[in-house]
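Q: build the 3D model from these lines:
(one chain, ligands or ions: 1)
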Amino acid sequence: MKHYEANFDGLVGPTHNYAGLSYGNVASLNNAAAISSPKAAAKQGLKKAKALADLGLAQGMLAPQERPDLHTLRRIGFSGTDAEVLNKAAKHAPALLRACCSASSMWTANAATVSPSADTHDGKIHFTPANLVDKLHRSIEPVTTGNILAATFNNARHFHHHQHLPEHVSFGDEGAANHTRLCNEYGHAGIELFVYGQEATNPSAPKPKKYPARQTLEASQAIARLHQLDDESSVFIQQNPDVIDQGVFHNDVIAVGNQNVLFYHEQAFVDTQKKLAEIQGKFNGNELHFIEVPTAKVGIQDAVKSYLFNTQIVTLPNGEMAIIAPTNCQENEAVYAYLNELVTMGTPIKQVHYFDVKQSMQNGGGPACLRLRVAMNDTELAAVNPNTLMNDELFNRLNLWVDKHYRDELAIEDLADPQLIIESRTALDELTQIMKLGSVYQFQK
Ligand SMILES: N=C(N)NCCC[C@H](NC(=O)CCC(=O)O)C(=O)O
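A: Okay, the predicted model is just below:
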């Protein structure tokens, strides 16, 4: 039996815009009200996904959400026709309208936490959509995310779908962005690392002073229970609150793992040495590579600007590892020098591939934010909805679909245009036919 780690990238939705919605995410705030290009954003994402498929990796796509979210606007009291609802929200509550128009579901590292069958007691792959309660625009994602995951991984013999955690700050959950798995081979039982920002039920525990800690220990523990993980194969690590205050709003902005490699910044965690020893003690198998990047080589500001750690580390069919990095890493002197050195350091990482995902980066989303990892064997991969898997045909169809439906430019004021509702729904309705998802959206019910 063969094993893979598939990446499921979020298809960027037709309303991609820069609304400055994410306090604590420096890029989101810095680019507030900039003009976006939904078409370029979707194409940049598709190009990266296709390139990974062409490298011989299993690659899928996850459909975006329905935006503007008229359902939420009606739920908070705006009434009338769809156009009236949009106009009233634009006039009386523009900030709420912006929250209901975000294409933030593109960052599928926040769609869910996934535990592969090799780690779970029932031998199924477990999915829990993230509740994303810390940000209003993201807190409206989990129900539709659950629908899309169920339509993509649509086989109850292999896939176990949970409801998102209770919608309360005590259970703030940001999904796979705060979760990494270490293993020898993808099909072997691994160690699941859960990185949290604060303990909700222990007010005296350390936490950031300025920016929110989006993930709680309580949420991470709940996911580990739901996914039937053993204590011996789970490690809970606190993220360094000082780096959250410098713009590291998710762990995947400062650390990333793949198989026996953990690549992280010196300042990423609390109690680093103790936690590394715990990981080492629980990991049975081959040599573990802890690649620690010192502040002297790359400072936190450079890491946040370039997204050095929001890279994907992938294992190529020849067994070598490659880093999938944003072109922003090439533009940062210290980071570029570090990456050039990294491939010569004798670790399993031998190559770096750069991709332009600037449309997403300007909202704080790098290559790793755009993907949800699902480790699986060939039987499980064969059970995935085949119309979601990347190949020449899907790539061409989705590019044509983007050309047909997406705008070249979108300004914040355009979010009040009722025509955007029609364009977005027409596009998504067609997409559900291309990807054979059934009726996953509210407007289709
Ligand atoms: N690190 C990972 N895995 N994901 C990145 C998510 C970026 C997203 N940005 C936004 O939601 C900005 C939207 C705006 O401002 O228009 C966020 O902060 O939740």
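Q: was I right about residue 123 contacting residue 117?
A: Yes: Residue 123 lies in contact with residue 117 (CB atoms under 8 Å); the separation is 5.0 Å. For the C-beta atoms, the positions are set from N, CA and C on the backbone; glycine is no exception.
Q: neighbour-wise, which of these two wins?
A: residue 117 (21 against 13; other CB atoms under 10 Å).
Q: so that one touches residue 379, yeah?
A: No: with contact defined as CB under 8 Å, residue 117 does not reach residue 379; the gap is 9.6 Å.
Q: and the nearest residue to residue 216 once chain neighbours are set aside, what does it touch?
A: Using CB to CB, 6 or more residues apart in numbering and skipping the chain neighbours, the partner closest in space to residue 216 is residue 200 (4.3 Å). Residue 200 is in contact with 169, 170, 171, 172, 216, 217, 218, counting by CB atoms under 8 Å, 6 or more residues apart in numbering.
Q: swap in 10 Å and give it another go.
A: Contact partners of residue 200, counting by CB atoms under 10 Å, 6 or more residues apart in numbering, are 168, 169, 170, 171, 172, 207, 213, 216, 217, 218, 219.
Q: measure it to residue 154 for me?
A: Computed with CB to CB, to the nearest Å, the distance linking residue 200 and residue 154 is 34 Å.
Q: could you do residue 48 as well?
A: 25 Å.
Q: out of those two, which sits in the more crowded spot?
A: A side-by-side neighbour count of residue 48 and residue 154, using other CB under 10 Å, places residue 48 first with 24 against 17.
Q: which helices and strands sit right next to whichever strand or helix holds residue 150?
A: Following DSSP states H and E, the helix or strand that holds residue 150 is helix 142-152. Helix 142-152 sits against strand 3-10, strand 59-62, strand 112-115, strand 125-129, strand 159-161, strand 371-377, with contacts defined as 3 or more CB pairs under 10 Å, 6 or more residues apart in numbering; DSSP states H and E.
Q: related to what we said a few turns ago, from the contacts of residue 200, list just the buried residues.
A: Neighbour-count burial (16 or more other CB atoms under 10 Å) applied to the contacts of residue 200 gives 169, 171, 172, 207, 213, 216, 217, 218, 219.
Q: need the residues of the protein near the ligand, please.
A: 18-22, 25, 28, 102, 104, 107, 109-110, 135, 138, 177, 249-250, 252-253, 363-365, 369 (CB under 6 Å from any ligand atom).
Q: quick check: beta-bridge partners of the spatially closest residue to residue 370 that is not a sequence neighbour?
A: Distances taken as CB to CB, 6+ apart put residue 9 closest to residue 370, at 5.2 Å, once the chain neighbours are dropped. Here residue 9 sits in beta bridges with residue 61, residue 371, as judged by DSSP bridges.
Q: between the helix holding residue 150 and strand 371-377, how big is the angle?
A: Helix 142-152 and strand 371-377 are oriented at 40 degrees to each other (axes from the mean of the first three to the mean of the last three CA atoms, to 10 degrees).
Q: and the residue of the stretch 251-400 of the chain nearest the ligand?
A: Residue of the stretch 251-400 of the chain nearest the ligand, by CB to the nearest ligand atom: residue 369 (3.3 Å).
Q: most tightly packed of the helices and strands packed on helix 142-152?
A: Highest mean neighbour count of the helices and strands packed on helix 142-152: strand 112-115, a mean of 28 (counted as mean count of other CB atoms under 10 Å).
Q: ok, the spatially closest residue to residue 55 that is not a sequence neighbour to residue 129 distance?
A: Among residues not flanking residue 55 along the chain, residue 316 sits closest, at 6.1 Å (CB to CB, 6+ apart). The gap separating residue 316 from residue 129 is 30 Å, by CB to CB.
Q: tell me how many other residues crowd residue 391.
A: Neighbours of residue 391 (other CB under 10 Å): 13.
Q: how about residue 331?
A: 12.
Q: next up, the contacts around it.
A: When the contact criterion is CB under 10 Å, 6+ apart, the partners of residue 331 are 305, 306, 354.
Q: among the residues you listed, which lie within strands?
A: residue 354 (DSSP state E).
Q: residue 81 versus residue 72, what's the distance?
A: Distance, residue 72 to residue 81, using CB to CB: 17 Å.
Q: tell me which of those two has more neighbours.
A: Counted by other CB under 10 Å, residue 72 and residue 81 do not tie: residue 72 has more neighbours, with 19 against 10.
Q: right, and that one touches residue 78 too?
A: Yes: Residue 72 lies in contact with residue 78 (CB atoms under 10 Å); the separation is 9.4 Å.
Q: now stretch 336-355 - C-alpha only, PDB.
A: Backbone C-alpha positions of stretch 336-355 (Å, rounded to 0.1, in the frame of the first residue of the first chain) are rendered in PDB as follows:
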ATOM      1  CA  TYR A 336      17.000  34.400   0.800                       C
ATOM      2  CA  ALA A 337      20.500  33.900   2.100                       C
ATOM      3  CA  TYR A 338      19.200  31.500   4.800                       C
ATOM      4  CA  LEU A 339      17.200  29.400   2.300                       C
ATOM      5  CA  ASN A 340      20.300  29.200   0.000                       C
ATOM      6  CA  GLU A 341      22.300  27.900   2.900                       C
ATOM      7  CA  LEU A 342      19.500  25.500   4.200                       C
ATOM      8  CA  VAL A 343      19.700  23.300   1.100                       C
ATOM      9  CA  THR A 344      23.400  22.700   1.700                       C
ATOM     10  CA  MET A 345      23.100  22.000   5.400                       C
ATOM     11  CA  GLY A 346      22.800  18.200   5.100                       C
ATOM     12  CA  THR A 347      19.100  18.100   6.200                       C
ATOM     13  CA  PRO A 348      16.500  16.200   4.100                       C
ATOM     14  CA  ILE A 349      15.600  19.600   2.500                       C
ATOM     15  CA  LYS A 350      17.400  19.800  -0.800                       C
ATOM     16  CA  GLN A 351      15.400  22.200  -3.000                       C
ATOM     17  CA  VAL A 352      13.500  25.500  -2.800                       C
ATOM     18  CA  HIS A 353      10.700  26.300  -5.300                       C
ATOM     19  CA  TYR A 354       9.400  29.900  -5.300                       C
ATOM     20  CA  PHE A 355       5.800  30.900  -6.200                       C
END
